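Undergrad: with the sequence up front, the predicted model follows.
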Amino acid sequence: MKALLLVAATIALAVPAASMQSDKAAAAAGELKPMPALSLKDFDGKAIESDKLKGSVLVLDFWATWCGPCIAEIPALNRLQEKYAAKGLKVIGVTIASGEPKEVKPFISGNKMKYTVLMGEDNQ
């Protein structure tokens with residue numbers, strides 16, 4: 001039984017590692033992968049199609065209002081946006097598991113988030 005579990009665990013660990021190696025090989029060859037489709041909305045509930053984000057250099061930050069490390073990185077993301085916006089970089093905060101837009105809006109202004117923030121779906 002232990003041997004069977006050991007084999008199953010080895011396979012479970014090897015599959016993601018093999019997948020990462022193929023991703024690294026594709027990146028080394030200069031092959032770009034398209035961004036996966038995301039379901040994003042602005043604070044008025046209007047859908048933002050991920051196709052509209054194509055052609056931009058994006059930093060997508062998935063965060064939540066209750067996440068301490070997420071809050072701690074806001075100043076660094078603000079600086080990144082300010083420093084590279086003129087070169088085409090867009091920082092986009094995607095809030096998940098944080099409630100309704102009316103609950104998130106005060107958090108954004110209170111934490112002085114200087115980049116675009118959109119509402120994501122909790123399962124993303």
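TA: Alright, I've got the coordinates.
Undergrad: centre of the chain to the strand or helix carrying C70, how far?
TA: C70 belongs to helix 68-72 when assigned by DSSP states H and E. Offset of helix 68-72 from its chain centre (C-alpha atoms, centre = their mean, to the nearest Å): 14 Å.
Undergrad: quick one: mean pLDDT for stretch 115-124?
TA: Regarding stretch 115-124, the rounded mean pLDDT is 86.
Undergrad: likewise for stretch 29-46?
TA: On average, stretch 29-46 scores 81.
Undergrad: show me what counts as buried in it.
TA: Neighbour-count burial for stretch 29-46 flags L38, L40 (criterion: 16 or more other C-beta atoms under 10 Å). Quick note: C-beta positions are derived from backbone N, CA and C, even for glycine.
Undergrad: and the contacts of it?
TA: Contacts with stretch 29-46, where a contact means C-beta atoms under 8 Å, 6 or more residues apart in numbering, come from 23, 26, 47-48, 50, 53-54, 58, 94, 101, 104-105, 117-121, 124.
Undergrad: got a quick PyMOL command for the buried subset of those?
TA: Command for PyMOL that selects the buried part of the contacts of stretch 29-46, burial taken from 16+ other C-beta under 10 Å:
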select buried, resi 48+50+58+94+101+104+117+118+119+120
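Undergrad: got a pLDDT number for Q21?
TA: pLDDT at Q21 comes out at 57.
Undergrad: the helix holding C70 - contacts with which helices or strands?
TA: Helix 68-72 sits against strand 57-63, with contacts defined as 3 or more C-beta pairs under 8 Å, 6 or more residues apart in numbering; DSSP states H and E.
Undergrad: strands of the chain, start to end?
TA: With DSSP state E as the criterion, the chain has strands at 40-41, 47-48, 57-63, 89-95, 116-120.
Undergrad: reformat those strands as JSON lines; add distance to A72.
TA: Converted to JSON lines, these look like this (distance: least, C-beta to C-beta, whole Å):
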{"stretch": "strand 40-41", "distance to A72": "23"}
{"stretch": "strand 47-48", "distance to A72": "26"}
{"stretch": "strand 57-63", "distance to A72": "10"}
{"stretch": "strand 89-95", "distance to A72": "14"}
{"stretch": "strand 116-120", "distance to A72": "16"}
